[in-house]
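Asker: structure here, sequence nowhere to be found:
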């Protein structure tokens, strides 16, 4: 049986050929920031299928969340042909095994392809992999790449990141890095293509998309959404973000810096979002005499117990000399865990931590508290990932009602955001209402936040 590569006579469209040629020539790292409907997944799936026959190995297609993979890739239908996308890319006559439940395909030459989620990146422990596609990377957990990178390095594998922008987050940072590393033997492929760059959509189609967004979201938000999806703008606000204005002010006022440090005579507290099967996240923070709140560090991980995080706390205490403060945890920390018969508070105390319960409150109360606190927060650069999470923490969109739900999207951002809510709901005697301009040790001056209306001001 003669098989033509790529399969089924597929050919890259003109705007896809630069990426295709780079990968075909052995390129190892590619970042394609392409507009909606540019065929990002399409070209990567076909390139993966070819690679599986050039080099037998394990290949993954990673979505931000594992649950998204079935609808977006596994059961997706090509509107032009009426066929399932995976049937076109991986011809049935070349397969030996298909596992629908795990979204897994084994080819007759031994290569495997499966869908994974960045929200479950730690489930891939010890798996050798030859190639990974990160789809919608701007919405993915950035820790997934940090976790997978050593595997690819060991196997001399490749990684492709495809996305549309979602603000100035880890995808923008990767784009800036890749843009400077496009030369040499280990050079990156880095490309940003708008809908007008590719010509994939007519002006009439773009105008129709713009009007549709405006009718759904309003003039300002709709325009920003169009700029994000079709013009690949990094500056467009993340749709439905809870803290869009506050984090924009944090960045505009240069309140992200490595020039702050904890005062030795004041406690450094911690706020926890305690996960069992999910991530656990922690923020380290210290209130200053002038009323500002220094956010000093953050961490998030899954699949580990409280002992792991107790070690993280101890490591920072030794490294930075921080005076040990309280550990603020949600009310459910006092519930006894199945099997052990102990509460997480009891476990934390046995490990030398100092747990205190956050007052019972609604999620809306916590979000409002965070909005009031953010204008006086100064973040250390160590909190880069946590800031990105707060920036992307957003409401769910209801397609049927054409409006936002009150609930938030549950992804990697929500664990950091929940812990920050608990931080904002904690109460300490060293909080002050007055915000003054602090002089930092390096001579750098962090400006105080501008005056806000009462609805956005500090309330203690």
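Answerer: Structure's in. What do you need? As the structure is a prediction and not an experimental result, all values here were calculated from the model. Residues are numbered from 1 along each chain as shown.
Asker: pretty sure residue 22 contacts residue 31?
Answerer: No: using CB atoms under 8 Å, residue 22 is not in contact with residue 31; the gap is 10.9 Å. To be clear about C-beta, it is placed using only N, CA and C from the backbone, and glycine gets the same treatment.
Asker: show me where the stretch 1-150 of the chain has helices.
Answerer: 17-24, 40-54, 68-69, 85-89, 143-155 (DSSP state H, counting those that start in this stretch).
Asker: quick one: the shortest one to chain centroid distance?
Answerer: Between the centre of helix 68-69 and the centre of its chain there are 15 Å (CA atoms, centre = their mean, to the nearest Å).
Asker: what is residue 99 paired to in the beta sheet?
Answerer: On the basis of DSSP bridges, residue 99 is bridged to residue 104.
Asker: still on that earlier bit, between residue 22 and residue 31, which contacts overlap?
Answerer: Both residue 22 and residue 31 are contacted by residue 189, under the criterion CB atoms under 8 Å, 6 or more residues apart in numbering.
Asker: hmm, who's touching stretch 95-103?
Answerer: The contact list for stretch 95-103, computed with CB under 8 Å, 6+ apart, reads 69, 70, 73, 74, 104, 105, 106, 107, 108, 114, 115.
Asker: residue 193 versus the closest residue to residue 357 other than its chain neighbours, what's the distance?
Answerer: Among residues not flanking residue 357 along the chain, residue 331 sits closest, at 5.5 Å (CB to CB, 6 or more residues apart in numbering). Distance of residue 331 to residue 193, computed by CB to CB, to the nearest Å: 48 Å.
Asker: so what are the domain limits for this structure?
Answerer: Annotated domains of the chain cover 7-198, 203-239, 247-456 [automatic domain parsing].
Asker: in the contacts of stretch 95-103, which residue is surrounded by the most others?
Answerer: When neighbours are taken as other CB atoms under 10 Å, the top entry among the contacts of stretch 95-103 is residue 105 (25 neighbours).
Asker: chain neighbours aside, what residue packs nearest to that one?
Answerer: In space, residue 105 is closest to residue 113, 4.9 Å off (CB to CB, 6+ apart).
Asker: report pLDDT for the one you found.
Answerer: Residue 113 is assigned a predicted lDDT (pLDDT) of 97.
Asker: residue contacts, it?
Answerer: 48, 49, 52, 59, 60, 61, 90, 104, 105, 107.
Asker: neighbour count winner among residue 331 and residue 193?
Answerer: Using other CB under 10 Å as the criterion, residue 331 and residue 193 rank with residue 193 on top: 20 against 12.
Asker: how near is the residue nearest to the more buried one when sequence neighbours are not counted to residue 117?
Answerer: Here the nearest residue to residue 193 in space, its sequence neighbours aside, is residue 34; by CB to CB, 6+ apart that works out to 4.8 Å. To residue 117, residue 34 is 22 Å away according to CB to CB.
Asker: and for residue 408?
Answerer: For residue 408, the distance to residue 117 - CB to CB - is 18 Å.
Asker: which residues of the stretch 51-200 of the chain fall in strands?
Answerer: 58-63, 95-99, 104-107, 112-117, 131-135, 158-163, 189-193 (DSSP state E, counting those that start in this stretch).
Asker: what's the answer for the stretch 301-450 of the chain, then?
Answerer: 323-329, 355-357, 377-380, 395-398, 403-408.
Asker: nearest to residue 239, of these?
Answerer: strand 395-398 (7.4 Å; CB to CB).
Asker: in terms of secondary structure, what does the closest one contact?
Answerer: strand 403-408 (3 or more CB pairs under 8 Å, 6 or more residues apart in numbering; DSSP states H and E).
Asker: now do the contacts for the nearest residue to residue 323 once chain neighbours are set aside.
Answerer: Excluding its sequence neighbours, the residue lying closest to residue 323 (CB to CB, 6+ apart) is residue 267, at 5.1 Å. Applying CB under 8 Å, 6+ apart to residue 267 gives the contacts 286, 323, 324, 325, 326, 430.
Asker: residues contacting the third one?
Answerer: Spelled out, it's residue 324. 267, 268, 317, 354.
Asker: over to the second one?
Answerer: Remark: with contacts taken as CB under 8 Å, 6+ apart, residue 323 is in contact with 262, 264, 265, 266, 267, 268.
Asker: what's near enough to touch the closest residue to residue 241 other than its chain neighbours?
Answerer: Take residue 241 and drop its neighbours on the chain: the residue closest to it by CB to CB, 6+ apart is residue 394, 4.6 Å away. Contacts for residue 394 (CB under 8 Å, 6+ apart) come out as 238, 239, 240, 241, 242, 408, 409, 413.
Asker: can you rerun that using 6 Å?
Answerer: Contact analysis of residue 394 by CB atoms under 6 Å, 6 or more residues apart in numbering lists 238, 240, 241, 409.
Asker: what does residue 66 give?
Answerer: 117, 120.
Asker: burial count for residue 298?
Answerer: 26.
Asker: er, residue 178 I mean
Answerer: 19.
Asker: how close does it get to residue 40?
Answerer: From residue 178 to residue 40 the distance is 16 Å (CB to CB).
Asker: what's the pLDDT at residue 78?
Answerer: Residue 78 is given a pLDDT of 87.
Asker: and what of the one 4 residues further on?
Answerer: Each residue has a pLDDT score; the one for residue 82 is 87.
Asker: low pLDDT regions in this protein?
Answerer: Across the chain, the ranges flagged by pLDDT under 70 are 1-5, 125-127, 183-186, 276-278, 337-341, 399-402, 427-460.
Asker: in contact with residue 236, which residues?
Answerer: 224, 227, 228.
Asker: switch to 8 Å and redo it
Answerer: Contacts of residue 236 by CB under 8 Å, 6+ apart are 165, 167, 224, 225, 227, 228.
Asker: now it: closest residue in space that isn't a chain neighbour?
Answerer: Closest to residue 236 by CB to CB, 6+ apart is residue 228, at 3.8 Å.
Asker: now for that neighbour, how many residues are close by?
Answerer: 24.
Asker: didn't it look like it was pressed against residue 166?
Answerer: Yes: in this structure residue 228 lies within contact range of residue 166 using CB under 8 Å: 7.2 Å.
Asker: overlap of the contact sets of the two?
Answerer: The contact lists of residue 228 and residue 166 share residue 238, where a contact means CB under 8 Å, 6+ apart.
Asker: taking the contacts of stretch 95-103, tell me the two that lie furthest apart.
Answerer: Maximum distance among those (CB to CB): 24.3 Å, for 70 and 108.
Asker: can you give me the helices for the stretch 351-460 of the chain?
Answerer: 363-373, 384-392, 412-425.
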